[in-house]
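Q: Take this sequence and fold it.
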Amino acid sequence: MSNLGTQYDVAVIGAGPAGSSSAIRLANAGLNVILIEKAKFPREKLCGEFISPECRPHFDELGLNGQIAAAHGTDIRETVFYANSGRSVAVPNEWFGSIGAPALGLSRAEMDARLLDRAAELGVEVIEETSAAGLLFDNERVSGLTIKNADKNGSSIRAKVTVDATGRSRVLERYIGKGGKANGKAAEFVAFKTHLTGAKTTDDTCEIYGYRGGYGGCVRVENGYHNLCFIVSSREVKRVGSDPEHVLRQIVCTNPRAAEVLGAASVAKPWLAVPIEGYGRGKLVPASGLIAVGDAGAFIDPFTGSGILMALESGKIAAAAIIEGLESFSTVASLYRAKHSATFDRRFRTSSILRRAAFVPFAAELTVGALTLSSGLRRRLARATRAS
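A: Next up is the predicted model:
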């Protein structure tokens, strides 16, 4: 555990791409940073594992291009969307970025471990298998947190700024005003993920399948595996039972292309499943002294394929705000909110429209049909899910 009484410039909780990338950028600026993660890396994570081309410049800035290349992911040059009728529309992945590079299929276990190692290499104090247990306050301002390791041993961490990078669970926000309790909102959707062998996609293609109550995607990652990740409405999950195999065969595979690609595939790793209460922006600044990055600050629909990109972008925005305003949290908060809004607002609006179409087969069919008529329209829509 960390030394009691140590004062850090920044404490980051959660070592996903948002948390680790912000810690790397802060350490590069000479700040004293601690990064706390509840798991032991490498670990599997529910994710589409599609790394869009715009992530590559971020990896370069973080000093990670060599490590990412060494993970032997798969270059993904095209994303193909299949409506429930089997009708399809293709989007070249180079449209998403300005550098003409392909996307990358790479597991979160590989990517996140390399980000964490890079943070430690730069002097970030990394503590794994340790969870947040509460927040510390000085005059109603967050001044750090209490932590507890796997053996239930605890200590206190003091920091000028605390960063919640705990994903959609927003763990630290729960310690503000409500005694750590969740909001109790019922989940609208359930997401499932596993790695497969024997999936019949083209190696350099990410495939997205629409079906009643949701959509799913399949992409080749490292070591010959395919990542399968899909979202289904809670109502449909209950209708067929909660077993992931039943959901896959009885709902996802009603899409004829999904049935063709996944019919003979074998599950190679344990299933992961998480409830999804909804999408959109949360509280970017839940309290004075505390900011939220990545999914903890705003959760975009995975349909756009930009979740990892948004994590890296929000980590960069947060780090820049902290570096500039470290001695004045009001400056940090103002800079972070303004840049986050300018970067992501239009993206959320486009994502919301696409999500509604994806969950309604008739609307999905019309959307795919319209997009097949114009490559210019496809390009503009692709860019709208990315650029501010």
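Q: Now residue 333: phi and psi?
A: phi -60, psi -40 (degrees, to the nearest 10).
Q: any idea how far it lies from residue 143?
A: The gap separating residue 333 from residue 143 is 15 Å, by Cβ to Cβ, to the nearest Å. Using the backbone N, CA and C atoms, a C-beta is placed for each residue, glycine as well.
Q: same deal with residue 14?
A: Residue 14 is 19 Å from residue 143, by Cβ to Cβ.
Q: And these two? Which one has more around it.
A: Looking at residue 14 and residue 143 with other Cβ atoms under 10 Å, you find the greater number of neighbours at residue 14, namely 29 against 21.
Q: didn't that one look like it was pressed against residue 292?
A: No - look at residue 14 against residue 292 with Cβ atoms under 8 Å: they stay out of range, at 9.9 Å.
Q: so what sits against both of those two?
A: Overlap of the contact sets of residue 14 and residue 292 (by Cβ atoms under 8 Å, 6 or more residues apart in numbering) consists of 164-165.
Q: and residue 109, what does it touch?
A: Taking Cβ under 8 Å, 6+ apart, we find residue 109 in contact with 41-45.
Q: and with 10 Å instead?
A: Contacts for residue 109 (Cβ atoms under 10 Å, 6 or more residues apart in numbering) come out as 41-45, 47, 49, 71, 195, 221-222, 269.
Q: pLDDT and secondary structure for these - can I get that in TSV?
A: Listed next are those as TSV, based on pLDDT from 0 to 100; DSSP: H, G, I helix; E, B strand; the rest coil:
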residue	pLDDT	secondary structure
41	97	coil
42	96	coil
43	96	coil
44	96	coil
45	96	coil
47	94	coil
49	96	coil
71	94	coil
195	98	strand
221	97	coil
222	97	helix
269	97	coil
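Q: List just the nearest of those residues to residue 110.
A: residue 71 (4.3 Å; Cβ to Cβ).
Q: Wait, the closest one touches residue 117, no?
A: No - using Cβ atoms under 10 Å, residue 71 makes no contact with residue 117, being 11.5 Å away.
Q: which stretches of the stretch 201-350 of the chain have low pLDDT?
A: By pLDDT under 70, the low-scoring segments of the stretch 201-350 of the chain are 302-305.
Q: Residue 338: how many residues sit nearby?
A: Residue 338 is flanked by 12 other residues according to other Cβ under 10 Å.
Q: Next, the contact list for it, please.
A: Counting by Cβ under 10 Å, 6+ apart, residue 338 makes contact with 317, 321.
Q: how near is it to residue 132?
A: Distance, residue 338 to residue 132, using Cβ to Cβ: 27 Å.
Q: Just the buried positions in the host helix or strand of residue 159, please.
A: Element membership of residue 159 [criterion: DSSP states H and E] is strand 154-164. By neighbour count on 16 or more other Cβ atoms under 10 Å, the buried set for strand 154-164 is 155-164.
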